[in-house]
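Trainee: Build me a model from this:
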Amino acid sequence: MTDSKYFTTSKKGEIYELKVELQSDKKEKKKEAVKKVIASMTVGKDVSALFPDVVNCIQTDNLELKKLVYLYLMNYAKSQPDLAIMAVNTFVKDCEDSNPLIRALAVRTMGCIRVDKIIDYLCQPLRNCLKDEDPYVRKTAAVCVAKLHDINAQLVEDQGFLDLLRDMLSDSNPMVVANAVAAISEILESSPTAQQVLEMNASTINKLLTALNECTEWGQVFILDAISNYTPKDDKEAQSICERVTPRLAHANAAVVLSAVKVIMKFMEMLDSSADYITMLVKKLAPPLVTLLSAEPEIQYVALRNINLVVQKRPDILKNEMKVFFVKYNDPIYVKLEKLDIMIRLTTQANIAQVLAELKEYATEVDVDFVRKSVRAIGRCAIKVEQAAERCVSTLLDLIQTKVNYVVQEAIVVIKDIFRKYPNKYESIIATLCENLDTLDEPEARASMIWIIGEYAERIDNADELLESFLEGFQDENAQVQLQLLSAIVKLFLKRPTDTQELVQQVLSLATQDSDNPDLRDRGYIYWRLLSTDPAAAKEVVLAEKPLISEETDLIEPTLLDELICHISSLASVYHKPPNSFVEGKGSLRRVLPPRSQSGNVTDEQTSPGPGAPEAAAPPPQATVIPGVDSLIGDLLDIDLGGPSMQQQQVFQQPQSQTPVPSAGMDLLGDGLDSLLGGPAPGGDALGGLGDIFGMPASQSYVPPQEVWLPANKAKGMEVTGTFSRKQGNIYMELTFTNRAMQPMSGLAIQFNKNSFGLMPANPLNIQGAVLPNQSASSSLQLNTMGPVQRMDPLTSLQVAIKNNIDVFYFSSLVPMHALFVEDGEMDKKIFLGTWKDIPAQNEVQYEITNVQHNADMVSQKLKNNNVFTIARRNVEGQDMMYQSLKLTNGIWVLAELKIQPNNPNFMLSLKARAMDIYPGIQQAYDMILHN
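Mentor: Numbering: from 1, shown residues only. Prediction:
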């Protein structure tokens, strides 16, 4: 007998047994077999081998068995696409079944089978079901369109399903309407092209509001969300919608309530803020929000996160409801912390007494995180309500006396902020703070205490000893503490230099020589050099008066807040982040609040406009922002950034060849730049632009690479990069605007300050439409030299103001001098010789241009391309001598001599002009042209 007996078995296995049962003639046995297959599939076993046998069971009148087979199909169709085609005939047949439940089941399963091969076969059954007489089938088919669009968007649009879906918004059954709205919302989020077909209008919105009263609660949520994405044409329509949505605020379902709040909050933006109706809406919004706080903790938390947004946008809604946010002993910690945050936002002079009493009570709780936040909240109250600051400080001192370590440390952190807000007011408590020095072990508390000692060193007799005690363990301290300690000891030295010299040397040595933290090392070097070169300047820098800190440092940025208001009742409102930051593929559409209605019409701005959308209407004028000290001179503050004035328009319309007559031959640069009047010279080369026909190289002036002129963090998300070029006898400003904010930017306009060469835009800025988030727009702005003149330092400095729909921003850039070289700068040889002799010898200045890797011919050509003309050239003792002339836009001539020695990459440049101020710019232009 062989060993083969060990490899044979009479058992066929579980899959074989199921296969046999599925092929049984008995209906009950077959149904039990399918149930076993589904059970195996549910626990993760692979039963895809049974696909043909299970699909054979689809031909049955038993609804339960059909459901099970369809469930199996949905799961395995993707892995067996060829076999899934076997089920197509059944789908088509079931879509015509007399039983509406089977028709709906078939169409639902069709939408869930994500196989490209069978989609084409399912279009006709789906179209029939969308027009089915039974509303249950129609509502199921509506959702199927959205699923099909996700698989093949182009097919859905080509087959006209979007039109059918839009028609379903007029359906007599409210549930069909709700599902159609849900499907449309889903499609619009993923396909901007569907916007044109599925765009909502006043008539559609009216139908949705009618269906709203009869829908189920989730249908109401879908409809309210769709209404919130619509922008009414005027304030009357907005008010009408608010009136019809307001009853939903009394609904038992929290999702419906929050969706209704979202619609009302959004449309309130369009109504006149002083209207009585706004006051009534504010009163109606408070009770439903308060009612949400009586639900279970999880719903409370979601409601509180949404209320936080509402309070930041409109604090008057809940200003009288402070008590509902008082913490209960059995609230979970996440609810407690959120309530605490809202309490601070609602704190006013009227309710500060009861808030402080609550916070003091919370500070004695057992939950450490909650106690810490409560102590911080007391400090925030002091900063927010000035009249109550003294009471808050007194409360903090009482808490310090408890000697509870973490309470003391948090109190010291917030007292530092109070000192920043109210200088020279509460410094009498410093002695009490110093008593607790030994108990501080957290970096933030230690850093705060060190800041207090350094800032008020003149009031603390033993400040040097206290800081020296921190210095002993300097290397082991947190970076935050080390930086603060360095600054505090330098402050102490500047206030008491005689007895702290050794201490400051010690800390500077530790910071610069023994530390590997670059921030600490750099700050140490800066202090060291300041103290060693100019102690007076060090005193001005280090002991400068500090700006007062703001009241609310944790408010959400306004544009983000407006977007989050549009996402109330969604995950974005819980995370306090826009959807595109945590959901993949959500970057295309960004919602913003509608603008307030001015004259009855509103620009449609609920989403970023798509390609080809009309340009947004100009926003109301923004308040002028005063630039900082390091910014620009005051003239820019008063500029009008609307459109060009009548005078400017006349200038724009003048022919470019008309050159203003300069004032009588004075030394324009020597006597100041007030008379710098010069127009653009006529363009063209000596051959009238035909040089390339005669085999000459086309003139290509050097264009520097674009650089960042205005970073996004200084312009609320708008980044401006640019450069200057000279083309066809004109100066151009090449601008690129990049939108790094979270809302579209439109209405771009530009204006220049007075400058040395009278530069101004020849035309308004030409940017079509809005710049969408994370998109860029470029413009080539032609300039002329007909603007007002004022001498700048440096000479080529150009101060610019840019306006968009958010604000006005300022920046300064340097115009490369070669962009100001005109085309008619070639001087006659005799005139050149006479002019060279006429200009005094002391006006001649020499520069060395290093590392030039070009021969004399190439140098001459490069310079000629940039309107520097070689008048004569001779060879003296082996070195090339080139004599050149150039002319600036204001009519000033510059003469140059360029010496080029063989095998020497360093050239000598001699410049001669009546105005010596321009020499540095000319030298830089030569350097730039020859190295690029």
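Trainee: roughly how far apart are the residue nearest the centre of the chain and S550?
Mentor: For the chain, A741 is the residue whose C-alpha lies nearest the centre (Cα atoms, centre = their mean; 2.5 Å). Separation of A741 from S550 (Cβ to Cβ, to the nearest Å) stands at 21 Å. Where C-beta positions appear, they are placed from N, C-alpha and C, glycine not excepted.
Trainee: just A447 next, same as before
Mentor: Look at A447 and S550: by Cβ to Cβ, they are 20 Å apart.
Trainee: Compare those two and say which one has the larger neighbour count.
Mentor: A count of neighbours by other Cβ atoms under 10 Å puts A447 above the other of A447 and S550, at 26 against 10.
Trainee: can you pull the contacts of the closest residue to that one other than its chain neighbours?
Mentor: Closest residue to A447 apart from its sequence neighbours, by Cβ to Cβ, 6 or more residues apart in numbering: Q484 at 4.2 Å. Taking Cβ atoms under 8 Å, 6 or more residues apart in numbering, we find Q484 in contact with 446-447, 450-451, 454.
Trainee: who touches the helix or strand where W528 lies?
Mentor: Element membership for W528 (DSSP states H and E) is helix 518-533. Helix 518-533 has contacts (Cβ under 8 Å, 6+ apart) with 479, 482-483, 486-487, 490, 493, 504, 507-508, 511-512, 515, 537-538, 541-542.
Trainee: Can you flag which of these belong to helices?
Mentor: 479, 482-483, 486-487, 490, 493, 504, 507-508, 511-512, 537-538, 541-542 (DSSP state H).
Trainee: returning to that earlier point: would a markdown table of the contacts of Q484 with secondary structure and distance to K283 be doable?
Mentor: Formatted as a markdown table, these follow (DSSP: H, G, I helix; E, B strand; the rest coil; distance: Cβ to Cβ, whole Å):
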| residue | secondary structure | distance to K283 |
| --- | --- | --- |
| R446 | helix | 49 |
| A447 | helix | 46 |
| I450 | helix | 50 |
| W451 | helix | 46 |
| G454 | helix | 51 |
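Trainee: Reformat those into a markdown table and put distance to G717 next to each item.
Mentor: Supplementary listing: the contacts of Q484 in a markdown table, determined by distance: Cβ to Cβ, whole Å:
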| residue | distance to G717 |
| --- | --- |
| R446 | 36 |
| A447 | 31 |
| I450 | 36 |
| W451 | 32 |
| G454 | 36 |
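Trainee: filter those to the buried ones?
Mentor: 446-447, 450-451, 454 (16 or more other Cβ atoms under 10 Å).
Trainee: Now tabulate these in JSON lines and tack on pLDDT and distance to A260.
Mentor: Output for the buried ones among the contacts of Q484, formatted as JSON lines (pLDDT from 0 to 100; distance: Cβ to Cβ, whole Å):
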{"residue": "R446", "pLDDT": "89", "distance to A260": "50"}
{"residue": "A447", "pLDDT": "91", "distance to A260": "47"}
{"residue": "I450", "pLDDT": "90", "distance to A260": "52"}
{"residue": "W451", "pLDDT": "90", "distance to A260": "48"}
{"residue": "G454", "pLDDT": "88", "distance to A260": "54"}
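Trainee: and the next element down the chain from the helix or strand bottoming out on mean pLDDT in the chain?
Mentor: The weakest-scoring helix or strand in the chain, judged by mean pLDDT, DSSP states H and E, is helix 646-653 (a mean of 38). Per DSSP H and E, the first helix or strand lying C-terminal to helix 646-653 is strand 707-710.
Trainee: Which residues are in contact with the nearest residue to V368 once chain neighbours are set aside?
Mentor: Spatially, and ignoring its direct neighbours in sequence, V368 is nearest to Y406 (5.9 Å; Cβ to Cβ, 6+ apart). Residues in contact with Y406 (Cβ under 8 Å, 6+ apart) are 368, 371-372, 442.
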